[in-house]
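Trainee: this one's sequence-less:
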């Protein structure tokens, strides 16, 4: 994957930015998110999560199975505030 | 030169690591998760002087505030990161039934410290924040404070520490201290032992539990704070808007009075601020958990969303995309615990800060000076031993 490829569409984060975060010490998807915002957009990382894991595996040499998914952050999908406010 | 092991890669741990590494010490920072995984990053991104007294003193707050722009410019130049530091106003909405005079009187000391704090009326509030619904609002406390990206702020210190030769070891859980008489001999971690000459415990809400493994019982407790963010929105808020209340300190004191076990205690305080990315950050629901809890509870999103709908009705259809729960430490006297531990000569503690984002650049300098010269200076007020006296 070239450095210019956009891996997180919501936040427009490129593979090069993710690689730079890994070079700066990121060892988990959660750490990549904090530096680059990848996975912090509307889709909640649903699209880019696997790509971030793959880049981590490639850059660090860790097997894919050792790369933990980021902590789950509710809600599961975006919910309008007005709908949430009316919940019992 | 002694080797220094710092437990906790939050703002205090990373900033102090940078200061010490730049003074030539060999520094290792160790954290159970990533850099800025705890309370340093789970907040409304505010750089507040308004927590001074009962938080840290006005004199230290003033110095930290005055030094901050130069510290941030230096950090940005070294890291190449834009820390999104910007002045913003903060408005605490005073609801009907509250006494604005008493609320302002409670802030009189801030004005004496040279911090502008004044009451403004609903017309003036509307002029500053036209999107805010002012139903039931009689006035607001207006203050000129600041905001910053707390993730990048902490990461910039971690980068600076690494650039000066420090080692930042993440995803490695510290299990506890290993003692040799009254000295700390090492750390047991999930990846094996780690040893140094001097240990700095800066682990936020995890500090108390780790100190207990060395037989030290600190009166430091925590709340679990929950908050959420919306999808990115066009600019709607210029500063922080919150509903004023005086419930936080009694809430914390009640947890402290119960020895840290505030099970069942819950506090909802509405506040919102917009990040430079456009997301509205909405806080906060607090709980008095005795242990560490990082799961968002049922009812939290409802209460946070209700605040947004009540005060910013034009964006009621905005989606909430993410919520989190993080333990945030506090102490019974609202002062941090910073200093060497009398019973354990090679252990230094730095935890329990109320407004870490404003004070840490200065605090990390003072901690480094205390470790290098043994001169505690203004840190004397934060001594871990003060609770025994």
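Mentor: Right, received. Where do you want to start? Just so you know, these numbers come straight off a predicted model, no measurement behind them.
Trainee: Now do the SS call for the residue nearest the centre of chain A.
Mentor: With distances taken as Cα atoms, centre = their mean, residue A:39 lies nearest the centre of chain A, 3.3 Å away. Secondary structure, DSSP: H, G, I helix; E, B strand; the rest coil: residue A:39 is coil.
Trainee: which ones are touching the spatially closest residue to it that is not a sequence neighbour?
Mentor: Excluding its sequence neighbours, the residue lying closest to residue A:39 (Cβ to Cβ, 6 or more residues apart in numbering or on different chains) is residue A:45, at 3.2 Å. Where C-beta positions appear, they are placed from N, C-alpha and C, glycine not excepted. Counting by Cβ atoms under 8 Å, 6 or more residues apart in numbering or on different chains, residue A:45 touches A:8, A:29, A:33, A:38-39, A:52, A:70.
Trainee: next one: phi and psi at the closest residue in space to residue B:106 that isn't next to it in sequence?
Mentor: Distances taken as Cβ to Cβ, 6+ apart place residue B:246 nearest to residue B:106, at 7.6 Å, with adjacent residues excluded. Residue B:246 adopts backbone torsions of phi -120, psi 30, taken as degrees, to the nearest 10.
Trainee: Would you mind measuring from the closest residue to residue B:322 other than its chain neighbours to residue A:33?
Mentor: Excluding the flanking residues, the one nearest residue B:322 by Cβ to Cβ, 6+ apart is residue A:73, at 4.5 Å. Residue A:73 is 10 Å from residue A:33, where distance means Cβ to Cβ, to the nearest Å.
Trainee: how about residue 51, what does it touch?
Mentor: Chain wasn't specified; assuming chain A. A:1, A:7-8, A:15.
Trainee: Correction: the question concerned chain B.
Mentor: B:61, B:354-355.
Trainee: switch to 6 Å and redo it
Mentor: Residues in contact with residue B:51, defined by Cβ atoms under 6 Å, 6 or more residues apart in numbering or on different chains, are B:354-355.
Trainee: for residue B:88, same thing?
Mentor: Contacts for residue B:88 (Cβ under 6 Å, 6+ apart) come out as B:147, B:239.
Trainee: make it 8 Å
Mentor: Residues near residue B:88 by Cβ under 8 Å, 6+ apart: B:144-147, B:238-240, B:273.
Trainee: Filter the residues you listed down to the buried ones.
Mentor: B:145-147, B:239-240, B:273 (16 or more other Cβ atoms under 10 Å in any protein chain shown).
Trainee: Can you pull the residues of chain A lying near chain B?
Mentor: Within chain A, the positions adjacent to chain B are A:11, A:24-28, A:30-31, A:34-35, A:37, A:40-42, A:44, A:71, A:73-75, A:78-87 by Cβ under 8 Å from any Cβ of the partner chain.
Trainee: Which of the contacts of residue A:45 scores worst on pLDDT?
Mentor: Among these, residue A:70 carries the weakest pLDDT, at 86.
Trainee: Quick check: phi and psi at that residue.
Mentor: Dihedral angles (degrees, to the nearest 10) for residue A:70: phi -70, psi 160.
Trainee: tell me the contacts of it?
Mentor: By Cβ under 8 Å, 6+ apart, residue A:70 lies in contact with A:28-30, A:33, A:39, A:45, A:49.
Trainee: for residue B:340, same thing?
Mentor: The contact partners of residue B:340, by Cβ under 8 Å, 6+ apart, come to B:347-349, B:370, B:384.
Trainee: Okay, and which of those map to strands?
Mentor: Counting by DSSP state E, those place B:347-349 in strands.
Trainee: Might one say that residue B:43 is in contact with residue B:150?
Mentor: Yes: Residue B:43 is within contact range of residue B:150, at 6.0 Å (criterion: Cβ atoms under 8 Å).
Trainee: between those two, what contacts are shared?
Mentor: What both residue B:43 and residue B:150 touch, as defined by Cβ under 8 Å, 6+ apart, is the set residue B:357.
Trainee: Between these two, point out the one with more neighbours.
Mentor: Neighbours were counted for residue B:43 and for residue B:150 using other Cβ atoms under 10 Å in any protein chain shown; residue B:150 has more, 25 against 19.
Trainee: Is the more buried one in contact with residue B:37, as I believe?
Mentor: No: Residue B:150 lies out of contact with residue B:37 (Cβ under 8 Å); the separation is 11.6 Å.
Trainee: anything in contact with each of these two?
Mentor: Counting by Cβ under 8 Å, 6+ apart, no residue touches both residue B:150 and residue B:37.
Trainee: Would you mark the buried spots in the helix or strand where residue B:308 lies?
Mentor: Using DSSP states H and E, residue B:308 sits within helix B:300-311. By 16+ other Cβ under 10 Å, the buried positions in helix B:300-311 come out as B:300-311.
Trainee: helices and strands around that helix, which ones?
Mentor: Here helix B:300-311 touches helix A:81-85, strand B:221-232, strand B:240-243, strand B:262-274, strand B:279-288, strand B:319-330, going by 3 or more Cβ pairs under 8 Å, 6 or more residues apart in numbering or on different chains; DSSP states H and E.
Trainee: To residue B:165, which of these lies closest?
Mentor: strand B:319-330 (29.3 Å; Cβ to Cβ).
Trainee: how long is stretch B:368-382 end to end?
Mentor: 15 Å (Cα to Cα, to the nearest Å).
Trainee: ok, and what's touching that stretch?
Mentor: Outside stretch B:368-382, the residues that touch it by Cβ under 8 Å, 6+ apart are B:4, B:16, B:19-20, B:23, B:56-57, B:59-60, B:198, B:200, B:335-340, B:348, B:366-367, B:383.
Trainee: Thought residue B:207 was touching residue B:331, still the case?
Mentor: No: in this structure, residue B:331 is not within contact of residue B:207 by Cβ under 8 Å, at 10.5 Å.
Trainee: Now for these two: what residues contact both?
Mentor: B:220, B:337, B:352.
Trainee: Now for those, which sits with the most neighbours around it?
Mentor: Counting by other Cβ under 10 Å, top hit in the shared contacts of residue B:331 and residue B:207: residue B:352 with 29 neighbours.
Trainee: Against chain A, how distant is that one?
Mentor: 23 Å (Cβ to the nearest Cβ, to the nearest Å).
Trainee: quick one: which of the contacts of residue B:88 is nearest to residue B:30?
Mentor: Looking across the contacts of residue B:88 and measuring by Cβ to Cβ, the closest to residue B:30 is residue B:147, at 29.6 Å.
Trainee: For my notes, please list the contacts of residue A:70 in CSV and give secondary structure for each entry.
Mentor: As requested, these are exported to CSV (three-state DSSP):
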residue, secondary structure
A:28, coil
A:29, helix
A:30, helix
A:33, helix
A:39, coil
A:45, coil
A:49, helix
